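Engineer: Provided below for reference: sequence and predicted model.
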Amino acid sequence: MDRRKFIKYAGLASGSLALAGVSAGSFMAGRSKDSYTGWGRTPYGKDQFFNRVPFLVEKPTYQVAGKPERITYIENIFRRNAELYRLLINRHPEGLKWDKSQGIEGLPEPLKTYYTNHPSAFKEFFRAREKSKKQRANWEKYKDKYHLAEAWSRAHSSFLRGPAPFPVEPTGPPEEADYKGVNPNPLPLKSSEHGSKLIKKIAHSFGATLTGIAKIKKEWVYQGTLRGVGQVDFEVPKHWKYAVMIAIPHEWESFYTNPVYGTSYDAYSLLRFISGKLEVFIKEIGYSARSHVPPGQYDLVMPPLGIDAGLGELGRNGILITPELGGNTRLAAVSTDMPLLEDKPIDAGINKFCKKCKICADECPSGSISFDDAPKHVIRGFKRWEIDQDKCYTVWNSVATSHAKGCRICLAVCPYSRKNNWIHTFAREADSRDPTGLTSKAMLEMQKNLFDYPGANEYLPPPDGNNKTFGKPPDWLLTEEWFDI
Amino acid sequence: MFQYSMMQPVIWMLTGLLTAIFFLGMRYWFQDLKIKMHWWKWLLIVVWITMLALTLGVTFTLIGENESKAGIRFVLFFGLIILLTGGGLWKIIAKK
Ligand code: SF4
Ligand code: SF4
């Protein structure tokens, strides 16, 4: 073969090889566990962060539409349900008595007013109880199939059992509790800028994927109950100046196979460790600190503080969506009086994307997520999409795996939750920079037409659905891969 | 596309080398086929090959991330576009 002929055929072979290389490399990029959002090789790994600088804005993207109000504890479904439940089983801490036959009228305040204004929530509470009974009865049928998922979730929630959960719950008024163990001889901090940088580095070193700092506004503090004190109306303590926000994702594979294989506790346990350690660290360097951690140990409302801290924007599904983690963003905070610099919020187009998207609303098994194009309802002074927490909770009590308590489908199906590989990263980056909205339109068409979504009811157990999961379960959660069942 | 590793620069260099050999080979093919090439013809070829590489890249990334159906739907749709534009491109290029 002459040289010319050789190069001609070598050229064809090289072209094919290069394309094969692109294909193989792409397959690896798709498969790679390093592309699980938030699980880059190190907490400092540059590859997993979105550059926020071009998207910093002065005003957060939530819409103020009146006088911002504090949220009362009774508006939080878990606290409300717990209160009603204690009455129902005759274990109210103040010895109050009530039985179902007395109806809403016979309830003590503030439950009475709440349920008078939201009678459907009262009905839904009992529907959830019915579902929960069925869920327990069904468990016999499912316990082998979901044996590993159950064990995995229980392992993660073990920190909640036992005599000493970490971080330790505050006791007494915040002016005392938050100063317990504070170093009385702090070194002079060079500046609040140094403070912010240091605290973020420390938070990352403890395992936080994202951190940000927000000023604590009055409206982001719960009213009506204060940890360490009890049910009281209170003014926001003066030393609650800043919230150091911590965000981490769920383990990616289990998260993608919600609702039946996922759990909330993997993220909860990590968040508690990170916040608890940060609380101790801040006290050691001489400042007050209090952790606000899941599942319910909060005096602060997390998503708006996450928005103020520039971590992300509020999604249609009522949770914080971050450019890196999408809906797979779980939050905790440490409030402190340490001199810090607050971060700026971002407008990366997430809120705008939500107006068109509605995938979470389509897939929500309880129909709790609004289909309104734009937010219509004014809730405590903010225009927002409404979420029916009570119906959502009923689904938690319906899905086949009883222990993990939750559904998390709206987190998993969010297009922003997809992997941190080149195609999804490109989509996120391009959409944020395109003022015409054409990119988001094209991306959304692809999301809806290329990918399969099981459909809202399919996530429920029979007869309503088929225990479907959003993604394919990993082998380590499939009992049948490891045990004879 | 690849997560950072020692292999990353090597793979890109290799891809660059293969691409260079490919274009050298192409040059000879066109000369032997007596097709007159202009800069804009080369540009069209580069654009088309980039589109082809991207289509393959997206398809296999989706297959890699357990979204095989999405990958197949993608390649069916964009693959057809690639084929059609490829045919058109050949007609333009082959004009002597
Ligand atoms: S957790 Fe499930 S039921 Fe609740 S809003 Fe999200 S998708 Fe709907
Ligand atoms: S699924 Fe769509 S509408 Fe829902 S939060 Fe995510 S981007 Fe917004």
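Structural biologist: On my side now, so go ahead. Residues are numbered from 1 along each chain as shown, chains lettered A, B, ... in the order given. Ligands and ions are numbered 1, 2, ... in the order given.
Engineer: What are the boundaries of the strands in the stretch 1-150 of chain A?
Structural biologist: A:63-64 (DSSP state E, counting those that start in this stretch).
Engineer: Show me where it dips below the pLDDT cut-off.
Structural biologist: Judged by pLDDT under 70, the stretch 1-150 of chain A has its weakly predicted residues at A:39-47.
Engineer: any idea how far the closest residue to ligand 2 within it is from A:L314?
Structural biologist: In the stretch 1-150 of chain A, the residue found nearest to ligand 2 is A:T61; the distance is 12.4 Å by CB to the nearest ligand atom. C-beta: built from backbone N, CA, C; applies to glycine. Distance of A:T61 to A:L314, computed by CB to CB, to the nearest Å: 7 Å.
Engineer: Need the overlap of contacts for these two.
Structural biologist: Taking CB atoms under 8 Å, 6 or more residues apart in numbering or on different chains as the contact criterion, the residues that touch both A:T61 and A:L314 are A:I307, A:N351.
Engineer: on that earlier part again, quick one: contacts for the residue of the stretch 1-150 of chain A closest to ligand 2?
Structural biologist: Under the criterion of CB under 8 Å, 6+ apart, the neighbours of A:T61 are A:I307, A:E313, A:L314, A:P345, A:I346, A:D347, A:I350, A:N351.
Engineer: Ok, B:L33 next?
Structural biologist: Residues near B:L33 by CB under 8 Å, 6+ apart: B:A94.
Engineer: what do you get for A:G21?
Structural biologist: With contacts defined as CB under 8 Å, 6+ apart, A:G21 is in contact with B:I11, B:L14, B:T15, B:L18.
Engineer: so where does the third one fall, helix or strand?
Structural biologist: Meaning B:T15. Here B:T15 is covered by helix B:7-32, with elements defined by DSSP states H and E.
Engineer: Do you know the pLDDT at B:L14?
Structural biologist: Looking at B:L14, its pLDDT reads 91.
Engineer: Distance of it relative to A:F426?
Structural biologist: Distance, B:L14 to A:F426, by CB to CB: 23 Å.
Engineer: Equivalent analysis for A:R290, please.
Structural biologist: Spatial separation of A:R290 from A:F426 under the definition CB to CB is 41 Å.
Engineer: again, but for A:L187
Structural biologist: 46 Å.
Engineer: can you list the residues of chain A near ligand 1?
Structural biologist: Along chain A, the residues adjacent to ligand 1 under the rule CB under 6 Å from any ligand atom are A:N317, A:C364, A:P365, A:S366, A:S368, A:I369, A:C392, A:V395, A:C407, A:R408, A:I409, A:C410.
Engineer: and the residues you listed near chain B, which?
Structural biologist: Among those, not one lies near chain B by CB under 8 Å from any CB of the partner chain.
Engineer: Tell me the one of these nearest ligand 2?
Structural biologist: For the residues of chain A next to ligand 1, the minimum distance to ligand 2 (CB to the nearest ligand atom) is 4.5 Å, reached by A:N317.
Engineer: Tell me if that closest one really is in a strand.
Structural biologist: No: per DSSP: H, G, I helix; E, B strand; the rest coil, A:N317 lies outside any strand segment and is coil.
Engineer: And the helices in chain B?
Structural biologist: Listed in chain order, the helices of chain B (DSSP state H) span residues B:7-32, B:39-64, B:68-94.
Engineer: Which of the contacts of A:G21 ranks first by neighbour count?
Structural biologist: Scoring these on neighbours with other CB atoms under 10 Å in any protein chain shown, the highest-scoring entry is B:L18 at 20 neighbours.
Engineer: Pull up the per-residue confidence for that one.
Structural biologist: At B:L18, the predicted lDDT confidence score is 94.
Engineer: thought it was touching A:L19?
Structural biologist: No: counting by CB atoms under 8 Å, B:L18 does not reach A:L19; the two are 9.1 Å apart.
Engineer: Just give me the residue closest to the centre of the chain.
Structural biologist: Chain wasn't specified; assuming chain A. Per CA atoms, centre = their mean, the C-alpha nearest to the average position across chain A is that of A:R330, at 3.3 Å.
Engineer: The chain in question should be chain B.
Structural biologist: Compute the mean C-alpha point of chain B, and by CA atoms, centre = their mean the closest residue is B:I49, 2.6 Å away.
Engineer: Nearest residue to it in space, ignoring adjacent ones along the chain?
Structural biologist: Across the structure, with CB to CB, 6 or more residues apart in numbering or on different chains as the measure, the residue nearest B:I49 apart from its sequence neighbours is A:G15 (7.8 Å).
Engineer: from chain B, which residue is nearest to chain A?
Structural biologist: B:G25 (1.3 Å; CB to the nearest CB).
Engineer: how near is the closest residue to that residue other than its chain neighbours to A:S158?
Structural biologist: Leaving out its chain neighbours, the residue that sits closest to B:G25 by CB to CB, 6+ apart is A:G11, at 1.3 Å. Taken as CB to CB, the spacing of A:G11 relative to A:S158 amounts to 61 Å.
Engineer: next one: A:L111
Structural biologist: For A:L111, the distance to A:S158 - CB to CB - is 32 Å.
Engineer: try B:Y28
Structural biologist: In this view, B:Y28 and A:S158 are 69 Å apart by CB to CB.
Engineer: The two: who's more crowded?
Structural biologist: Residue environment comparison for B:Y28 versus A:S158 gives the larger neighbour count to B:Y28, 18 against 11, counting by other CB under 10 Å.
Engineer: who's in contact with the closest residue in space to that one that isn't next to it in sequence?
Structural biologist: Of all residues not flanking B:Y28 in the chain, A:K8 sits nearest, at 4.7 Å (CB to CB, 6+ apart). Contacts for A:K8 (CB under 8 Å, 6+ apart) come out as B:G25, B:Y28, B:W29, B:D32.
Engineer: Check these against ligand 1 and report the nearest one.
Structural biologist: Closest to ligand 1, out of all of the contacts of A:K8 and judged by CB to the nearest ligand atom, is B:G25, at 54.0 Å.
Engineer: The closest one touches A:F6, doesn't it?
Structural biologist: No: assessed by CB under 8 Å, B:G25 is found out of contact with A:F6, at 9.1 Å.
Engineer: more crowded one of those two?
Structural biologist: The residue with more neighbours, out of B:G25 and A:F6 and counting by other CB under 10 Å, is B:G25; that gives 22 against 12.
Engineer: State the pLDDT value of the more buried one.
Structural biologist: B:G25 is assigned 95 on the pLDDT scale.
Engineer: what does A:A404 give?
Structural biologist: Here, the pLDDT recorded for A:A404 equals 61.
Engineer: do the same with the one 5 residues further on
Structural biologist: Reading off the per-residue confidence, A:I409 sits at a pLDDT of 97.
Engineer: show me what contacts it?
Structural biologist: Contacts here follow CB under 8 Å, 6+ apart; on that basis A:I409 touches A:N258, A:P259, A:C360, A:E363, A:C364, A:P365, A:Y459, A:F470.
Engineer: go with 6 Å
Structural biologist: A:N258, A:P259, A:E363, A:Y459 (CB atoms under 6 Å, 6 or more residues apart in numbering or on different chains).
Engineer: quick one: it and A:A361, what's the gap?
Structural biologist: Separation of A:I409 from A:A361 (CB to CB): 11 Å.
Engineer: now A:F122
Structural biologist: In this structure, A:F122 and A:A361 are 25 Å apart, going by CB to CB.
Engineer: got it, and A:S275?
Structural biologist: Following CB to CB, the distance that separates A:S275 from A:A361 is 31 Å.
Engineer: try A:F6
Structural biologist: The gap separating A:F6 from A:A361 is 60 Å, by CB to CB.
Engineer: now the helices: where do they sit in the stretch 51-200 of chain A?
Structural biologist: Using DSSP state H, counting those that start in this stretch, the helices found in the stretch 51-200 of chain A span residues A:77-88, A:111-117, A:119-142, A:147-157, A:174-177, A:192-205.
Engineer: Many thanks, we can stop here.
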